[in-house]
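J.: whatever this is, show me its structure:
(one chain, ligands or ions: 2)
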Amino acid sequence: MAPVRYTRAPNVYSRVQYENEEDGLLTVAKELTAQSTYPEYLPTWNKKEKYEPLKFYEHHDVGLKADPSFPNLLPKGTATTKNITPKLGVEVKGIQISELNDSGKDELALLVAQKGLVVFRDQDIASKGPEFSVEFGRYFGPLHIHPTSGAPRTAAELHVVYRRPDAKNLFENRTNLIQWHSDVSYELQPPGTTFFTVVEGPESGGDTLFADAAEAYNRLSPAFQKRLEGLHALHSGVEQANFSKRGGGVVKREPVQNIHPLIRTHPVTGQKSIYVNSGFTRKIVELKEEESEYLLNFLYDHINNSHDLQARANWLPGTVAVWDNRRVNHSAVLDWDTSATRLAYRITPTAERPVYDLKDLNTPDVSKPYVGADYTPSD
Ligand SMILES: O=C(O)CCC(=O)C(=O)O
Ligand SMILES: [Fe+2]
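T.: Ligands and ions are numbered 1, 2, ... in the order given. As a prediction, this is how the structure comes out:
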């Protein structure tokens, strides 16, 4: 059977970037470190770093505690806001997220849940060093340590996205490099409020695209919504781990596959969204293969190609975008062909095990057992 149409090689960013190895620590070339304006964020890959499988924990979203009038996050007369699109995304200026007290952080989580994406301009958080971002992020949930990506030498919890100045032309074998996904959806408890900032980047290009899977759900007819209820999808981290291994990279935690409801409900807003993505979703477990492929391809088309439920963030110095990874899918845009470096990092607090019905929130396993033939990834 043909593979799902949108499933391509995982993360084009994870192409080999390391050149030095000192005692199991892979690092980028010394000349690149010398040139970097933020060398403390350059990726390193520690071959000795190994983690146990992630275990279930109860997640209580801090957005639930927030004052919905946002007195700390959006103080009147100081903060300004502007919607990026009518429903998805808002741009905020005039406040420093690094200075928020706990109430302000609760409000930030609520605003991100409500808007899907919040773009803060002129932030100083990166200049405070990697350890500050780790401490900041922990407030929102236990931080995810990515199994294969690089991390700053002093902050294993940050996920680094790096394209070196002499990156090869990735369009040689591809017509486009768009890779829609929701971060690490294969985990038992995937991320929620997710922070991303580009500390070094091209003058133009290298934007990030966002698609609103809640609006995508709302656009479906009631009959179609009903059909999706009760279905579950298998998400897989196996191909990403294999890809890293093949390139001589690291696998810090054994890859997992998890089954999540196809429609999930947000614990803070009560909003439903379609929880599939063409990066990590492999199969709808209640359906036969052809049926699953047919339905997944429809949903991928609907989410990835409906530009009228999407937003695009551009990166100015000091921009921090925060998205709700439960509700939006995203893709990098690798469109520049100058020798500009792009160096970015993500702070990735994890969230609840996805549920369709909020009465199942924080129960260890609400998915039906996977009874189909064992799924064997092709990669
Ligand atoms: O580089 C980007 O714009 C997005 C990268 C990405 O998908 C991520 O770090 O989650
Ligand atoms: Fe991502």
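J.: OK, contacts around the residue nearest to Asn83 when sequence neighbours are not counted?
T.: Spatial nearest neighbour of Asn83, chain neighbours left out: Val90 (5.3 Å); criterion: Cβ to Cβ, 6 or more residues apart in numbering. (Each C-beta comes from the backbone N, C-alpha and C, glycine too.) By Cβ atoms under 8 Å, 6 or more residues apart in numbering, the contact list for Val90 reads 81-84, 111, 115, 117-119.
J.: mind listing which of those residues are in helices?
T.: Judged by DSSP state H, the subset of the contacts of Val90 located in helices is 111, 115.
J.: including neighbour count, distance to ligand 1 and pLDDT, could the contacts of Val90 go into TSV?
T.: Putting those into TSV (neighbours: other Cβ atoms under 10 Å; distance: Cβ to the nearest ligand atom, whole Å; pLDDT from 0 to 100) gives the following:
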residue	neighbour count	distance to ligand 1	pLDDT
Thr81	15	23	98
Lys82	10	21	98
Asn83	12	21	98
Ile84	18	15	98
Leu111	22	20	98
Lys115	26	18	98
Leu117	26	12	99
Val118	26	16	99
Val119	24	12	99
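J.: tell me the one among the contacts of Val90 nearest to Ser185.
T.: The shortest gap between Ser185 and any of those belongs to Leu117, at 17.4 Å (Cβ to Cβ).
J.: gap between the closest one and Ser339?
T.: The gap separating Leu117 from Ser339 is 30 Å, by Cβ to Cβ, to the nearest Å.
J.: one step back: what is the nearest of the contacts of Val90 to Gly249?
T.: Of those, the one sitting nearest to Gly249 (Cβ to Cβ) turns out to be Leu117, at 29.6 Å.
J.: residues of the stretch 151-300 of the chain that sit close to ligand 1?
T.: By the rule Cβ under 6 Å from any ligand atom, the part of the stretch 151-300 of the chain lying against ligand 1 is 159, 161, 183, 196, 208.
J.: just give the closest residue to the last one, not the sequence neighbours.
T.: In space, and not counting its chain neighbours, Thr208 is closest to Ala313: 5.0 Å by Cβ to Cβ, 6+ apart.
J.: so which of the residues of the stretch 151-300 of the chain next to ligand 1 is the most crowded?
T.: His159 (26 neighbours; other Cβ atoms under 10 Å).
J.: low-confidence ranges in the stretch 201-350 of the chain?
T.: Across the stretch 201-350 of the chain, nothing is flagged by pLDDT under 70.
J.: who touches Leu54 in this structure?
T.: For Leu54, counting by Cβ under 8 Å, 6+ apart, the contacting residues are 187-189, 253, 256.
J.: biggest separation within these, which pair?
T.: Gln189 and Arg253 (13.6 Å).
J.: and these two? Which one has more around it.
T.: Counting neighbours by other Cβ under 10 Å for Gln189 and for Arg253 shows that Gln189 has the greater number, 22 against 19.
J.: mind giving me the packing neighbours of the longest helix anywhere in the chain?
T.: What stands out as the longest helix in the chain, according to DSSP H, is helix 289-305. Under the contact criterion of 3 or more Cβ pairs under 8 Å, 6 or more residues apart in numbering; DSSP states H and E, helix 289-305 touches helix 213-218, strand 272-274, strand 281-284.
J.: if I read this right, Asp61 contacts Val112, doesn't it?
T.: No - with contact defined as Cβ atoms under 8 Å, Asp61 does not reach Val112; the gap is 10.4 Å.
J.: could you say which helix or strand holds the residue of the chain positioned farthest from its centre?
T.: Distance from the C-alpha centroid of the chain peaks at Gly77, with 32.5 Å (Cα atoms, centre = their mean). Assessed by DSSP states H and E, Gly77 sits outside every helix and strand.
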